[in-house]
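*Asks:* let's see this in three dimensions:
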Amino acid sequence: MTAYTYILRCSDGTLYTGWTTDLKRRVKEHNSEELGAKYTRARRPCKLVYYESFEEEDEKKAKQSAMKREWYIKNKMTKLQKEKLISGEKKI
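*Replies:* Have a look, this model is predicted:
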């Protein structure tokens, strides 16, 4: 089982972080009329700019790992740190 933590860049330049088990579907949902997060609905189109994958044999563990990483990115990282993560800079 694979779960993902991802970052989208919205049309207004803001960043949105989330997690999913189906990355392609979730990005499509963020850009659809009915689905996606409330935050991204008013900021379409959104482009996938970064993701991390968490592979575990146990589905619950994969989801927990992705959720923990999402929480860390959202709550502990500044926008500058997120930009460095997206750009691939190793030192954050």
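
*Asks:* helix or strand for the residue nearest to Ile86 when sequence neighbours are not counted, which one?
*Replies:* Closest residue to Ile86 apart from its sequence neighbours, by C-beta to C-beta, 6 or more residues apart in numbering: Tyr50 at 4.6 Å. From N, CA and C alone the C-beta is placed, and that goes for glycine too. Element membership for Tyr50, per DSSP states H and E: strand 47-55.

*Asks:* restricting to C-alpha, output that strand in PDB.
*Replies:* C-alpha atoms of strand 47-55 as PDB (Å, rounded to 0.1, in the frame of the first residue of the first chain):
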ATOM      1  CA  LYS A  47      -0.500  22.200 -10.000                       C
ATOM      2  CA  LEU A  48       1.300  19.400  -8.300                       C
ATOM      3  CA  VAL A  49       4.700  20.700  -7.400                       C
ATOM      4  CA  TYR A  50       6.000  18.100  -4.800                       C
ATOM      5  CA  TYR A  51       5.100  14.700  -3.400                       C
ATOM      6  CA  GLU A  52       6.600  12.100  -1.100                       C
ATOM      7  CA  SER A  53       5.500   8.400  -1.100                       C
ATOM      8  CA  PHE A  54       5.100   6.100   1.900                       C
ATOM      9  CA  GLU A  55       5.100   2.400   1.100                       C
END
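
*Asks:* just give me the longest helix of this protein.
*Replies:* Counting residues, the longest helix found in the chain (DSSP state H) is helix 59-76.

*Asks:* after that helix, which helix or strand is next?
*Replies:* With secondary structure assigned by DSSP H and E, helix 59-76 is succeeded by helix 79-87.

*Asks:* so what angle separates the directions of that following helix and strand 47-55?
*Replies:* Angle, helix 79-87 to strand 47-55, by axes from the mean of the first three to the mean of the last three C-alpha atoms, to 10 degrees: 80 degrees.

*Asks:* so helix 79-87 versus helix 59-76, what angle?
*Replies:* 130 degrees.

*Asks:* could you pull out the buried residues of the least confident helix or strand in the chain by mean pLDDT?
*Replies:* The least trusted helix or strand in the chain, going by mean pLDDT, DSSP states H and E, turns out to be helix 38-41, with a mean of 92. Residues Thr40 are the ones in helix 38-41 that count as buried (16 or more other C-beta atoms under 10 Å).
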